[in-house]
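Chemist: Predicted model follows, preceded by the sequence.
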Amino acid sequence: MTAALQDRPPAGTTPPVRSRRVSRTVVSGGERVSRGWMVAATAVVALASLYFLAPVLWLVIASTKSASDLFSTPGFALADWHLWENVRDLSTYDGGIFWRWALNSVVYSVIGSVLTTLLCAATGYALAVYRFRGRALLIGIVLGSLLVPGTVLAQPTYVLLVNLGLNNTYWGLLLPGLSYPFGVLLAWIFAQNAIPTELLEAARLDGSGEFRTFAGIGLRLMSSGLVTILLFAFLGSWNNYLLPLLVLTDAELMPLTVGLTGWNQASITIPSLQILTVVGSLVSVVPIAIVFLALQRFWRAGLSAGSVRG
Amino acid sequence: MAVQTPPSAVRRRVLGGGRWIPYAFVTPFVLVFLTFMLAPIVIALVNGLYSSQSSGLGFGGAETVFVGLRNYTRALADADFLVSFGRVALYGLVQVPVMMVIAAVMALLFDSALVRARRFFQFAVFLPYAVPGVIAALLWGFFYQPSVSPLVQGLRAIGIDADLLAPGTVLWSVANVSIWSNAGINMIILFSALQSLPRDTFEAARLDGAGELRIALNLKLPMIAPAVLLTTLSTVIGTLQLFNEPQVLQSITPNISSDWTPNMAIYAVSTLGRDPHLGSAMAVILGLVTLVVSLVLVRFTNSSSRGGAR
């Protein structure tokens, strides 16, 4: 069983091997790569990194300032340490509505992405493992719907939800996100690459039912790819803005994106909201940045297996 | 975009179990797909053919009447709606190439072994992708407002009076936000593609005396053409769907109107304008334009990648 797996390493194992090869090229081809080019290239990348990091750095610094220092001190200079007061104000403003938004975002994103990933995994697995009538049609639909732009669907989806009476509910935001054809495509590719037919036949001979085989073997073998789908689905709903803006009217149901932009708009008349928007942005970015960067080994492997092979 | 079925899939077949089993796997996805992808499309198409008209003196509420293509002629006669298409086209003509050049140059540099501290710099370039687009817009909004902006203040200190929200510049300020947000993911996709290329080819070229620059431009870039075109395609589609960034920045500048982009116009008509029927017709128009642009690009992709690499 393990031998069959080793014959076919999942795509996830390639990047480390590559980086070893790259570093070997540096050693062996070291003389050819001139020091001048190396300095120039690193300088270009460093300059670009400055552009990409500066706003995040500003966000961190600005979050530590008091509302008045935000306007009166230079952007990248630290002023009096006011971070904890800001977080406290953030937590108490309007009865702690910020944390309600954060909780909503977590609910929408975690539940939504887990369910989405399961649907995609089951569908991709079936496409890879079984031949059945309508399979070609399903593949055609999945590929075709990649060309349907998601945000164009927001308006008619809103109309649909109003008709179903699901507007302004948790379900109204959760359910539309479950339709994720790109995830099905990825799962299909992962299942093709990672699940050897022999293994399934062996499981079947052992008397394992189809669903148990899927849950016990299929999901496990597809796991590195499924992390990719999970992350993209998570990020997709965490970043979702247009649909919640249309569907939700109740502040208690809103995710962070809608809540914070609402504060930003209101800060024109209520200036104290400006610093809360800054701190709230930082609080909403930090956890997702950590999760995303911590899991990058998985989704990078998934990307090289999924999109590039197309 | 075109995914080929690997030969291993051909020998796969229905293995044991009942004939209904594959359908059990795909049914959940098919159901959400029908409800939240197909149904909204149908709703948009049907809804766009109707209009709600208040009868007489407004008693008895509004009644929905079939108006044929009148919503479409109204949308296409709306100069502001047409201008919004021109605006995103102009935006895309600049933003897409700039973004792709940044992503490609970064990916090639990271792949070249010329760059020191590669992991850190990759982290820096990618970090913005973990910042939700709406939050990124909020963040850059602070960089554009003269009262808090370290950027405007810094430029003023060296004698440049920049108004990043002026009518002529605000388009590029919006473009900057989406370049900042998305260059990282495109870089990662291109980088993954580069890393999966066979290294021996470049070794041979090096032995033949080809410089790194020539290898990058003449060998590596053509070999990752599919990934380049895939990322370009998704960037172009994203451009046509532009909504989050300008919608957020709208609150800090009068130079972004409520129908600044097609998607913003759809949103404005459906909510503020209280005419979801017209909104549906406009969504159909935007969807069709996006579809046509995508198909043209895919056609272009297929013909050029057949003539080019491999």
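Modeler: That came through, no problem. Note that the structure is a prediction, hence the values are computed from the model and not measured. Numbers count the residues shown, from 1 in each chain, chains lettered A, B, ... in the order given.

Chemist: going forward, measure contacts between C-alpha atoms and count neighbours the same way
Modeler: Noted.

Chemist: since we're on B:P146, how many residues are nearby?
Modeler: As a burial measure, B:P146 scores 18 neighbours (other CA atoms under 10 Å in any protein chain shown).

Chemist: tell me which element it falls in.
Modeler: Using DSSP states H and E, B:P146 maps to neither a helix nor a strand.

Chemist: got a list of what it touches?
Modeler: Residues near B:P146 by CA atoms under 8 Å, 6 or more residues apart in numbering or on different chains: B:152-153, B:163.

Chemist: now swap in A:V87 and tell me
Modeler: With contact taken as CA under 8 Å, 6+ apart, A:V87 is in contact with A:V279.

Chemist: Would you mind identifying the next helix or strand past whichever strand or helix holds it?
Modeler: Per DSSP H and E: A:V87 is located in helix A:83-92. Following helix A:83-92 in sequence order, the next helix or strand is helix A:97-129 (DSSP H and E).

Chemist: thinking again about what came up before, which of the contacts of B:P146 are buried?
Modeler: In these, burial by neighbour count holds for B:152-153, counting by 16 or more other CA atoms under 10 Å in any protein chain shown.

Chemist: Let's have the contacts of B:P146 in JSON lines, adding secondary structure, distance to chain A and pLDDT.
Modeler: Formatted as JSON lines, those follow (DSSP: H, G, I helix; E, B strand; the rest coil; distance: CA to the nearest CA, whole Å; pLDDT from 0 to 100):
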{"residue": "B:V152", "secondary structure": "helix", "distance to chain A": "10", "pLDDT": "83"}
{"residue": "B:Q153", "secondary structure": "helix", "distance to chain A": "8", "pLDDT": "80"}
{"residue": "B:D163", "secondary structure": "coil", "distance to chain A": "17", "pLDDT": "84"}
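
Chemist: Export stretch A:88-104 to PDB, keeping only CA atoms.
Modeler: Provided in PDB are the C-alpha atoms of stretch A:88-104 (Å, rounded to 0.1, in the frame of the first residue of the first chain):
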ATOM      1  CA  ARG A  88     -10.400  48.500  24.800                       C
ATOM      2  CA  ASP A  89     -12.300  51.300  23.000                       C
ATOM      3  CA  LEU A  90     -12.700  48.900  20.000                       C
ATOM      4  CA  SER A  91     -14.200  46.300  22.300                       C
ATOM      5  CA  THR A  92     -16.600  48.600  24.100                       C
ATOM      6  CA  TYR A  93     -17.800  50.800  21.200                       C
ATOM      7  CA  ASP A  94     -21.500  50.300  20.500                       C
ATOM      8  CA  GLY A  95     -21.800  47.400  22.900                       C
ATOM      9  CA  GLY A  96     -18.800  45.500  21.500                       C
ATOM     10  CA  ILE A  97     -20.300  45.200  18.100                       C
ATOM     11  CA  PHE A  98     -16.800  44.700  16.600                       C
ATOM     12  CA  TRP A  99     -16.400  41.300  18.200                       C
ATOM     13  CA  ARG A 100     -19.800  40.400  17.000                       C
ATOM     14  CA  TRP A 101     -18.700  41.100  13.500                       C
ATOM     15  CA  ALA A 102     -15.500  39.200  14.100                       C
ATOM     16  CA  LEU A 103     -17.500  36.200  15.300                       C
ATOM     17  CA  ASN A 104     -19.800  36.500  12.300                       C
END
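
Chemist: That stretch and chain B in contact?
Modeler: No: Stretch A:88-104 lies out of reach of chain B by CA under 8 Å from any CA of the partner chain, never closer than 13.4 Å.

Chemist: Count the residues that sit near the spatially closest residue to B:V98 that is not a sequence neighbour.
Modeler: The spatially closest residue to B:V98, leaving aside those adjacent along the chain, is B:I179, at 8.0 Å (CA to CA, 6 or more residues apart in numbering or on different chains). The local packing of B:I179 (other CA under 10 Å) involves 21 other residues.

Chemist: Which helix or which strand is home to B:I179?
Modeler: Going by DSSP H and E, B:I179 is part of helix B:170-195.

Chemist: For the helix or strand A:L160 falls within, buried residues please.
Modeler: A:L160 is part of helix A:150-164 when elements are defined by DSSP H and E. Neighbour counts over helix A:150-164 (16+ other CA under 10 Å) mark A:150-161 as buried.

Chemist: Which ones, among those residues, also lie beside chain B?
Modeler: Contacts with chain B within the buried residues of helix A:150-164, as defined by CA under 8 Å from any CA: A:151-153, A:155-157, A:159-160.
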